[in-house]
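Chemist: Sequence first, then the predicted structure, then my questions.
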Amino acid sequence: MSALLWFVAALALAAAELLGAEFVLLMLAGGALGAAGTALALPDNHWLPFVVFAVISVLLVLVVRPPLLRYLNRQGPAALGMHRIVGAPATVLAPVTEHAGEVKIRGEVWSARATEGEPPLPPGTEVTVVRISGATVYVTRE
């Protein structure tokens, strides 16, 4: 019976983890699973599952959680919306100067300007988007 309670506790903790996603409750669920296994193997020992739960939970929180968080946060915030095209290649459609021009980026036509000091870019030139201001991209020769 004790093993079943520990198993249900592990499931409840794992389900609660879905609300927070900080992995503390998931580590506690791992400890509860260890306690369930201990209670199943040694049904007459009522205090040992609590010790196993505490030891496994602390070890998981201290050893497994930090690298797991680093792995999941390794990419930093994702570029969203139109800012994701910064760094994208483009093709010049109409001559691009510091004051006018058009480029094609991923099948879409954008108003474009050459970056400061860039010579005029003739049609067909492959360029890279370096920044966006409003609906205008600033490009430089690749």
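Modeler: Received it, and whenever you're ready, just let me know what you need.

Chemist: Just the helices from this structure, written as ranges.
Modeler: With helices called from DSSP state H, the chain shows them at 2-20, 24-41, 48-59, 65-72.

Chemist: tell me the mean pLDDT for the first one?
Modeler: Looking at helix 2-20 alone, the average pLDDT works out to 88.

Chemist: and the helices of the chain, which is most packed in?
Modeler: Stretch with highest mean neighbour count among the helices of the chain: helix 24-41 (a mean of 21; mean count of other Cβ atoms under 10 Å). C-beta coordinates here come from the backbone N, C-alpha and C atoms, glycine included.

Chemist: Mind pulling up the pLDDT for the residue of the chain most remote from its centre?
Modeler: Farthest-out residue of the chain from its mean C-alpha position, per Cα atoms, centre = their mean: Asp44, at 45.3 Å. Per-residue confidence (pLDDT) for Asp44: 88.

Chemist: when you give positions from now on, start the count at 29
Modeler: Got it, the first residue is 29 from now on, which makes the last one we talked about Asp72.

Chemist: Check the gap between it and Trp34 for me.
Modeler: Distance of Asp72 to Trp34, given as Cβ to Cβ, to the nearest Å: 15 Å.

Chemist: got the CA coordinates for the helix or strand bottoming out on mean pLDDT in the chain in PDB?
Modeler: Evaluated with mean pLDDT, DSSP states H and E, the helix-and-strand set of the chain has its lowest mean pLDDT in helix 93-100, which scores a mean of 86. The C-alpha trace of helix 93-100 is given here as PDB (Å, rounded to 0.1, in the frame of the first residue of the first chain):
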ATOM      1  CA  ARG A  93      18.600  19.900 -12.400                       C
ATOM      2  CA  PRO A  94      21.400  22.500 -13.100                       C
ATOM      3  CA  PRO A  95      22.700  20.900 -16.300                       C
ATOM      4  CA  LEU A  96      19.100  20.300 -17.400                       C
ATOM      5  CA  LEU A  97      18.300  24.000 -17.000                       C
ATOM      6  CA  ARG A  98      21.500  25.000 -18.800                       C
ATOM      7  CA  TYR A  99      20.700  22.700 -21.700                       C
ATOM      8  CA  LEU A 100      17.200  24.000 -22.100                       C
END
